[in-house]
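**Student:** let me see the structure of the following:
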Amino acid sequence: MASEAAGAVRTVASLTREDDIGRIYSHALEEPLQISMKSGLKSQCLYAASQGISFLIIALVFYVGCLWLIDGRYKTNEFFTVLTSVIFAAIQAGNVFNFVPDASKAGSSAHALFRLFDNEPEIDALSTEGIMLDTSQVVGHIRMEGIHFRYPSRPAVRVLRDLTVDVPAGTL
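**Tutor:** Alright, predicted model coming up:
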């Protein structure tokens, strides 16, 4: 819609429809905005939870480690070795949640591809069954009149209006 308005900027300006085009375009973006806000909120909540859990685990290790240092169960160097290991493990475990949306999209894409590969057309274009025409004997004149067409995604815009196509025999 924006590209159509930009391509016809002179027409839009001459009809003083700039405000209308802006309002229509803003209205068209409301639904995608709501969808992206919902998905963004979900993914950011997962990310926040993963980061929060990581820091919670680190705090827990600090607390337990300090108690064990006070009791003499660990030496300082052993504590910091364990602490470093747990910190890196917790951070990497939290980073796994960053890939959840990508994994979901990959699964959906793989499912769509398998459905496409398993699809069998109703008409087999390579079949040799039925009446076969001898192309050297076929002669014809094709004429189509009153052709109208609109794209299903934009039914308000007519692409073809009362088109007539005339193909005489022997031409391409």
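**Student:** contacts, neighbours, all on C-alpha from now
**Tutor:** Will do.
**Student:** measure the spatially most central residue of the chain to Q51 for me?
**Tutor:** Closest residue to the average C-alpha location of the chain: K105 at 7.8 Å, with CA atoms, centre = their mean. For K105, the distance to Q51 equals 22 Å [CA to CA, to the nearest Å].
**Student:** any weak-confidence spans in this protein?
**Tutor:** 1-3, 5-7, 12 (pLDDT under 70).
**Student:** what are the ranges of the helices in it?
**Tutor:** 2-7, 9-14, 18-71, 76-95, 100-118 (DSSP state H).
**Student:** L46: how many residues sit nearby?
**Tutor:** 17 (other CA atoms under 10 Å).
**Student:** that one touches N95, doesn't it?
**Tutor:** No. Using CA atoms under 8 Å, L46 is not in contact with N95, being 10.5 Å away.
**Student:** please identify which of the helices of the chain is closest to A125.
**Tutor:** Shortest distance between A125 and the helices of the chain, using CA to CA, is found for helix 100-118: 16.6 Å.
**Student:** how far off centre is that closest one?
**Tutor:** Centroid displacement of helix 100-118 relative to its chain, using CA atoms, centre = their mean, to the nearest Å, is 11 Å.
**Student:** for it, which outside residues touch it?
**Tutor:** S43 (CA atoms under 8 Å, 6 or more residues apart in numbering).
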